[in-house]
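> After the sequence you'll find the predicted model.
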Amino acid sequence: MVNSPASPSSLRKAARRMPRRRLDFVPIRAIPPTERARIVQHLQGLEPHDRYLRFGYAANDEQIQRYVDGLDFERDQIFGIYNRRLHLIAMAHLAFALDRQYASCAEFGVSVQAAARGRGYGKLLFNRAVVHARNQGVGMLFIHALTENTIMLGIAHQAGARVHRDGSESEARLMLPPATLDTRVSEMVERQFAEANYAIKQQAKRVRNLFKRLRAAPVADAASDALPPAP
C-alpha cells in the first residue's frame, strides 16, 4: 500500500500541534560601558510591575538613569541577550561585593522584557552569571528579591540555593564550587560565540538600513523631479 503525500494544509496543522522548541544555547554577551544607553532603554521599557520586581520599588525613569550611570563595568559584569535588531531584550547584573571582607560574594539581578518571556532567558542569564562568578573566585551568590517574585526565587531554588523569606522580601544564597577547566573553557567559548553573533547582527542591521535607504531614494528623486524648476 502506497501512502498518498500529505497536503500542505495538513502539514501546517501538524506543525501547529508540535511543541515549540527553545534554543538551549542563546548568545549571551558581556555588555560594554559604551552601551549604557541600550541598558537605559531596556530598563525604562519594562512595565511598571516588572520595574517593581527588578528593583524592589516602583523605579521611575530618573531613578533608572541614576542606577545605570552608577554601574561599575570594571568591577561588575553586565550580561545581555539581543534580538536580531540588536534590541536588548534581557539583561543581568552580577555585582561583586565592595567590602574586601566579602570579596568572595556577589549579587545577581535580572530583567526580561514582557515580549521575551517564556523562553527561559532568566535562567540562562543566571547560569551564565554563575559560571562567570565561579571563574572569578566567588564562593557565594546572593539574590535579593521580593517574595512575590516567584520566578526568580524558583530559578535560585532549582540551582540549590537556600531561600530565606522575611515578609515581603526574600534572600537566596547559593554556594558555588571552585572554578574548573570546564567552566573556564565554556565561558571563553560562549564569549567568543556571543561576540561573533553580535557582529553578524550588526552587519545584518547595516544591510537592512542600506536597503531601506536605497528603496527610499527613488521616491525622493521622483518627488524632486516633479517640482517645477526654480525661477
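Happy to help now that I have it.
> alpha carbons only for contacts and neighbour counts from here, please
OK.
> What are the neighbouring residues in contact with the residue nearest to the spatial centre of the chain?
Central residue of the chain (CA atoms, centre = their mean): residue 90, 2.5 Å from the mean position. Counting by CA atoms under 8 Å, 6 or more residues apart in numbering, residue 90 makes contact with 42, 80, 81, 82, 110, 111, 112, 113, 116, 121, 122.
> What residues are bridge-paired with the second one?
This means residue 80. Counting by DSSP bridges, residue 80 is bridged to residue 29, residue 91.
> distance of it from residue 204?
Distance from residue 80 to residue 204, counting by CA to CA, to the nearest Å: 19 Å.
> Strands of this protein, start to end?
29-30, 77-82, 88-96, 105-112, 140-146, 162-166, 169-175 (DSSP state E).
> Quick one: the ones you listed as a markdown table, columns for distance to residue 216 too.
A markdown table is the format used below for the strands of the chain (distance: least, CA to CA, whole Å):
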| stretch | distance to residue 216 |
| --- | --- |
| strand 29-30 | 34 |
| strand 77-82 | 27 |
| strand 88-96 | 28 |
| strand 105-112 | 35 |
| strand 140-146 | 49 |
| strand 162-166 | 56 |
| strand 169-175 | 54 |
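> Which of those sits closest to residue 58?
Smallest distance to residue 58 across these (CA to CA): 12.2 Å, for strand 140-146.
> quick check, distance from the closest one to the centre of its chain.
Centroid separation for strand 140-146 versus its chain: 18 Å, with CA atoms, centre = their mean, to the nearest Å.
> Contacts for it next, please.
Contacts to strand 140-146, defined as CA under 8 Å, 6+ apart, come from residues 53-54, 56, 104-109, 130, 133, 152-153, 156, 168-176.
> Alpha carbons of that strand, as PDB, please.
Extracted C-alpha coordinates of strand 140-146, given in PDB (Å, rounded to 0.1, in the frame of the first residue of the first chain):
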ATOM      1  CA  MET A 140      28.600  32.600  47.500                       C
ATOM      2  CA  LEU A 141      26.000  34.200  45.200                       C
ATOM      3  CA  PHE A 142      23.200  36.300  46.700                       C
ATOM      4  CA  ILE A 143      19.800  37.100  45.200                       C
ATOM      5  CA  HIS A 144      17.700  39.800  47.000                       C
ATOM      6  CA  ALA A 145      14.100  39.700  45.700                       C
ATOM      7  CA  LEU A 146      10.600  40.400  46.600                       C
END
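> could you check the angle strand 77-82 makes with the top helix by length along the chain?
Taking DSSP state H as the criterion, the chain has its longest helix at helix 181-226. Helix 181-226 and strand 77-82 meet at an angle of 50 degrees, taking axes from the mean of the first three to the mean of the last three CA atoms, to 10 degrees as the criterion.
> Dig out what residue 106 forms beta bridges with.
The partner list for residue 106 in beta bridges (DSSP bridges) reads residue 96, residue 141.
> ok so, going back, just the buried residues from the contacts of residue 90, in PyMOL please.
With 16 or more other CA atoms under 10 Å as the criterion, this PyMOL line picks the buried residues out of the contacts of residue 90:
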select buried, resi 42+80+81+82+110+111+112+113+121+122
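> could you dump the contacts of residue 90 to a markdown table with pLDDT and distance to residue 186?
Below are the contacts of residue 90 laid out as a markdown table (pLDDT from 0 to 100; distance: CA to CA, whole Å):
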| residue | pLDDT | distance to residue 186 |
| --- | --- | --- |
| 42 | 98 | 27 |
| 80 | 98 | 17 |
| 81 | 98 | 17 |
| 82 | 96 | 20 |
| 110 | 97 | 21 |
| 111 | 97 | 24 |
| 112 | 97 | 24 |
| 113 | 96 | 27 |
| 116 | 95 | 25 |
| 121 | 96 | 18 |
| 122 | 96 | 19 |
